[in-house]
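Build me a model:
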Amino acid sequence: MNVISSDAKSPPWAQHRFEPVGLLRNRHVQSMLASAKFRKLTYLRQKQILEKNSQELLLQGGDDVVLHALYSPLDKLFSKRSKGVVVLIHGWEGSAQSVYLLSAATRLYTAGYDVVRLHLRDHGPSHHLNRELFHAARLSEVVTALHDLQQKLPQTSLFLAGFSLGGNFVLRVASAAQSAGLRFAKYMAVSPVADPLRTYQAIEEGADVYHRYFVKKWKRSLRKKQKHFPDLISEAMISKPQNLGEMTDSFVRHHTDFGNKENYFEQYKLTATQLSLISAPTLILVSKDDPVIPYQAFPDLSENQHIYLSMQNFGGHCGFVSNWSLHSYTDELMLQFFQ
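Coordinates of the predicted model:
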């Protein structure tokens, strides 16, 4: 593993540390800004161009599973040849419209990359596509869908990036890539979930705003699923649980074979053995002040020289907003790393 710093020996893209000032050093401010909708005003024109040139893409995930994506090939108005395709994966209960993801998508798109915004099962507009519920251990369908995308774009350089739970998926995909025949050139994970149990504990025991946010978003998603498959989800499963622990217990017990939430969390925990399989350049961006992803939970990555770890003092969860002009450190780092 390469721990990047601002010295002259670091790669050019790693020589600028994230150093916000004033209130932007507050981890909760950073975390809230990650999803603050008013940030879209700063890239509204670029977003409109991206959306205008987006088309739906259905990817085969194996065993009749279908995953939804939005594909934005480079607009001919830019008069540029595409530098490659960047696939972006949102966080849990996020979507292709999540602020942090749209920010990265528009920055990459205007810099000359085609962009694919991939929806995990039951995210975005995809609740009707598959009967069984999403859970974070469904790695194989994401790997298979990415393989399908690779076959659809055979002559293209591919890059993969994800945020939070999406970052967790990215690192597991990178670990499985060689055996699955995936040929992504580089990977980047922003604030990835490393140890799901410790993340769950941080949400349960931390500031109530995060707990209420995730419970509300999950219940909303289950309501959408219930409309398409009314026999699948009981009303009690949605209305009765009052906290994340109760919801997770009920979900695991009724909709998985994992038995309990502790066993379920183990299914997508990142391990040193797993990450040792990564064989392409991979950048992990994390913050020491992340309120939901304890940075101490990351496994030992020292044996893998393909992995770069950017450990910042500030940034909150998927924030990394540099100034009150709302510029994104993440977007610039991602662009420089992929270039």
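
Just to check, F265 is in contact with Q201?
No - F265 is beyond contact range of Q201, at 10.0 Å (criterion: CB atoms under 8 Å). In this view, the C-beta of every residue, glycine as well, is placed from N, C-alpha and C.

These two: which is more packed in?
Legend: neighbour count by other CB atoms under 10 Å for F265 and Q201, higher for F265 (21 against 14).

Spell out the secondary structure type for the more buried one.
Here F265 is recorded as helix under DSSP: H, G, I helix; E, B strand; the rest coil.

so what's it up against?
Applying CB atoms under 8 Å, 6 or more residues apart in numbering to F265 gives the contacts D195, P196, L197, Y200.

Show me which of those are buried.
D195, P196, Y200 (16 or more other CB atoms under 10 Å).

Show me what counts as buried in stretch 48-58.
Across stretch 48-58, burial judged by 16+ other CB under 10 Å covers I49, L50, N53, S54, L57.

For the host helix or strand of the last one, name the packing helices and strands.
I take that to be L57. Taking DSSP states H and E as the definition, L57 sits inside strand 55-62. On a contact count with 3 or more CB pairs under 8 Å, 6 or more residues apart in numbering; DSSP states H and E, strand 55-62 meets strand 65-72, helix 139-152.

Just put these in CSV and tack on distance to T256, mean pLDDT and mean neighbour count.
Below are the helices and strands packed on strand 55-62 laid out as CSV (distance: least, CB to CB, whole Å; pLDDT from 0 to 100; neighbours: other CB atoms under 10 Å):
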stretch, distance to T256, mean pLDDT, mean neighbour count
strand 65-72, 16, 98, 22
helix 139-152, 14, 98, 19
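
which one of the ones you listed lies closest to E246?
With respect to E246, and counting by CB to CB, the nearest of the helices and strands packed on strand 55-62 is helix 139-152 at 25.9 Å.

Quick one: residues in contact with the closest one.
With CB under 8 Å, 6+ apart, helix 139-152 has contacts from 57, 59-63, 65, 67, 69, 87, 89, 116, 118, 120-121, 158, 160, 169, 172-173, 176, 180-184, 268.

which among those residues end up buried?
57, 59-61, 65, 67, 69, 87, 89, 116, 118, 120-121, 158, 160, 169, 172-173, 176, 182, 184, 268.

where do the strands sit along the stretch 151-300 of the chain?
Along the stretch 151-300 of the chain, counting by DSSP state E, counting those that start in this stretch, strands occupy 158-163, 186-190, 282-287.

Tell me which of those strands sits nearest to P294.
Among the strands of the stretch 151-300 of the chain, if distance is taken as CB to CB, the winner is strand 282-287, at 9.8 Å.

neighbouring strands for the closest one, and are they parallel or not?
If you go by DSSP bridges, strand 282-287 pairs up with strand 186-190 (parallel), strand 307-312 (parallel).

Turn the strands of the stretch 151-300 of the chain into a markdown table, including mean pLDDT and distance to K152.
Putting the strands of the stretch 151-300 of the chain into a markdown table (pLDDT from 0 to 100; distance: least, CB to CB, whole Å) gives the following:
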| stretch | mean pLDDT | distance to K152 |
| --- | --- | --- |
| strand 158-163 | 98 | 11 |
| strand 186-190 | 98 | 20 |
| strand 282-287 | 96 | 24 |
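
In JSON lines, list those strands along with distance to G319.
Below are the strands of the stretch 151-300 of the chain laid out as JSON lines (distance: least, CB to CB, whole Å):
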{"stretch": "strand 158-163", "distance to G319": "11"}
{"stretch": "strand 186-190", "distance to G319": "10"}
{"stretch": "strand 282-287", "distance to G319": "8"}
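
Show me the one of the ones you listed that comes nearest P20.
P20 lies closest, by CB to CB, to one member of the strands of the stretch 151-300 of the chain: strand 282-287, at 10.7 Å.

Would you mark the buried spots in the closest one?
Neighbour counts over strand 282-287 (16+ other CB under 10 Å) mark T282, L283, I284, L285, V286, S287 as buried.

quick check: mean pLDDT across the strand holding L57?
On average, the pLDDT along strand 55-62 is 97.

Would you mind getting the angle between that strand and strand 65-72?
Between strand 55-62 and strand 65-72, the angle comes out at 150 degrees (axes from the mean of the first three to the mean of the last three CA atoms, to 10 degrees).

what is the orientation angle of strand 55-62 with helix 139-152?
120 degrees.

got a list of contacts for strand 55-62?
Strand 55-62 has contacts (CB under 8 Å, 6+ apart) with 66-73, 116, 118, 121, 129, 140-142, 144-146, 148-149, 152.

go on, stretch 29-44?
By CB under 8 Å, 6+ apart, stretch 29-44 touches 20, 23-24, 47, 98-100, 102-103, 106-107, 210, 287, 289-292, 314-321, 325-327.

Tell me which residues are up against the lengthiest helix in the chain.
Criterion DSSP state H: the longest helix present in the chain is helix 208-228. Residues outside helix 208-228 that contact it (CB under 8 Å, 6+ apart): 28, 31, 92-93, 122-123, 127-128, 133, 203-204, 232-233, 237-238, 243-244, 247, 291-292.
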